[in-house]
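Participant: Sequence plus the predicted model coming up.
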Amino acid sequence: METFYDFYRNPVKLSFEDHPFSKAPKHVWVICRYNEQWLLTKHKDRGLEFPGGKVEEGETAEEAAVREVKEETGARVDHLKYVGQYHVEGKGGTVIKNVYFATISELDDQEHYFETHGPVLLQELPKQLKGNERYSFMMKDEVLPLCLKKIEA
């Protein structure tokens, strides 16, 4: 298990074990690849980030991950793999989130991208995300680099 602080100095526990904090987490985050590129979305308030969101009543975390990717980017998930789970003790309460890695088969235009401005494709992620104002706070702690190491292993 890895422990560190997020962008807002909240304590984070990240584990690559099978659902160590909750078997039914309420949040998902999906690291996406499409045609040798990273697929992100531009959130209207937070900036560039990988798609994700809340698990709705009656759906599994996996179903939520697929739905969120489609809603926020127009992408169709070809393959979804569980990477890990993290636990954040924030000022607004506890958040437990599953992290997935998805390969994308198709990227379709759609009229509405919910709370985002739609898909953004990048050849590579910037080396310094922490100080880059274009990117969401969710991209600026150790969750992303540690998950990328796990995905690439």
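Facilitator: Nice, I can see it.

Participant: switch to C-alpha atoms for all contacts and neighbour counts from now on
Facilitator: Will do.

Participant: which one is the residue nearest the centre of the chain nearest to, not counting chain neighbours?
Facilitator: Geometric centre of the chain, nearest residue: W29, 2.6 Å, by C-alpha atoms, centre = their mean. Nearest-residue entry for W29: G52, 4.2 Å, with adjacent residues in sequence omitted and distances by C-alpha to C-alpha, 6 or more residues apart in numbering.

Participant: Would you mind confirming that the residue nearest to the centre of the chain is in contact with V95?
Facilitator: No - using C-alpha atoms under 8 Å, W29 is not in contact with V95, being 12.0 Å away.

Participant: Would you map the strands across the protein?
Facilitator: Under the criterion DSSP state E, strands of the chain are mapped to 2-5, 11-15, 27-34, 37-43, 47-49, 52-54, 75-90, 93-107, 116-122.

Participant: what are the pairing partners of the first one, and which direction each?
Facilitator: Put plainly, it is strand 2-5. strand 11-15 (antiparallel) (DSSP bridges).

Participant: now the angle from the partner strand to strand 75-90?
Facilitator: 130 degrees (axes from the mean of the first three to the mean of the last three C-alpha atoms, to 10 degrees).

Participant: what does strand 11-15 rub up against?
Facilitator: 1-6, 84-90, 143 (C-alpha atoms under 8 Å, 6 or more residues apart in numbering).
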